[in-house]
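A.B. asks: give me the fold of what follows.
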Amino acid sequence: MSPQPPAVLPHRLLAVDEPHPLEVFNPQGGSDFFLICEHAGRLVPARLGTLGLDEADRSRHIAWDIGARDIAMELARLLDAPLYMQRYSRLVCDCNRQPDVASFIPDISETTVIPGNANLPPEEIEARVAEIFQPFHDAVTQALDARDAAGRRTILATVHSFTPVYKGVSRPWQIGVLFNRDTVLSPQIVRYLEANTDYEVGVNQPYAVGDDTDYAIPVHGEKRGYPCVEFEIRNDLTGGRQAVEDWAGLLADSLRHAAGTMA
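C.D. replies: Residues are numbered from 1 along each chain as shown. Now for the predicted structure:
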């Protein structure tokens, strides 16, 4: 069943002709893998205008994870996995953050001021939670509940990208493997990547997963006891169809290898 549009609120964010935040690819995927890409899109609701930014800024990494959607879709195809993607820019609200943290609706991202996010009244924040964040995560929850009810095994992976330079500091890694409580799947993925590529693999680099900031891995993965991992791919290495296929193939191989060690 397709997700229902958000309920009408007094301070409505999304117009009736604007898309639901959820985009699903291969919903009937039959494998053990379940994929999430929270920063797949960069849409901004018309009601918010441009957030005070020009098109160049709204196309940068501050707005979305460049390359992540294409890689995630190819990975879903290779693994025969459902993929749940979020269409709206993380500058509207970051669907991989808890709604009560400052970075959920940033007024500064990296070094860029986001004028449209300044001094928001509570009802404007709630509209973004109610019409973007909640419908997306409710759909993921429903899908995972259905898998659990059917007794299906689930291995959760999320797909992200990162910049080669952050606030003037170069990042040496080509790929990061992020995890917290998972002690089986993720370490096996790290070992596979280190043994089978020449990449500098970031172990919980360039970010780390935590309960107070992240959402998908702690809530959809760890709380359910799933093996779970977050992939971060350097975005200057994601351009073009060949790069998409190469990255997706590598992630698929690493996931299959790691899952096989747990069988």
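
A.B. asks: need the strands for the stretch 101-250 of the chain, in chain order.
C.D. replies: Per DSSP state E, counting those that start in this stretch, the stretch 101-250 of the chain carries strands over the ranges 108-109, 112-113, 155-162, 165-166, 169-170, 175-178, 201-203, 228-234.

A.B. asks: what's the closest of the ones you listed to Arg60?
C.D. replies: strand 112-113 (7.9 Å; C-beta to C-beta). Every residue, glycine included, has its C-beta placed from N, CA and C.

A.B. asks: parallel or antiparallel, list what pairs with the closest one.
C.D. replies: Neighbouring strands of strand 112-113 in its sheet, by DSSP bridges, are strand 108-109 (antiparallel).

A.B. asks: which outside residues touch the strand it pairs with?
C.D. replies: 62, 91, 114 (C-beta atoms under 8 Å, 6 or more residues apart in numbering).

A.B. asks: ok, the residues you listed vs Gln134, which is closest?
C.D. replies: Scanning these for proximity to Gln134, where the rule is C-beta to C-beta, the winner is Leu91, at 18.0 Å.

A.B. asks: does the closest residue to that closest one other than its chain neighbours sit in a helix or strand, and which one?
C.D. replies: Distances taken as C-beta to C-beta, 6 or more residues apart in numbering put Ala63 closest to Leu91, at 5.3 Å, once the chain neighbours are dropped. Per DSSP states H and E: Ala63 is located in neither a helix nor a strand.

A.B. asks: count of neighbours near Ala63?
C.D. replies: For Ala63, the tally of surrounding residues (other C-beta atoms under 10 Å) stands at 24.

A.B. asks: give me the distance between it and Ala118.
C.D. replies: Counting by C-beta to C-beta, to the nearest Å, the gap from Ala63 to Ala118 is 17 Å.

A.B. asks: again with Ala130
C.D. replies: Distance of Ala130 to Ala118, computed by C-beta to C-beta: 21 Å.

A.B. asks: more neighbours: which of those two?
C.D. replies: Shown here are Ala130 and Ala118; by other C-beta under 10 Å, Ala130 has more neighbours (19 against 12).

A.B. asks: nearest to Leu185, of the contacts of strand 108-109?
C.D. replies: The nearest one, if we look at these relative to Leu185 and count by C-beta to C-beta, is Ile62, at 30.0 Å.
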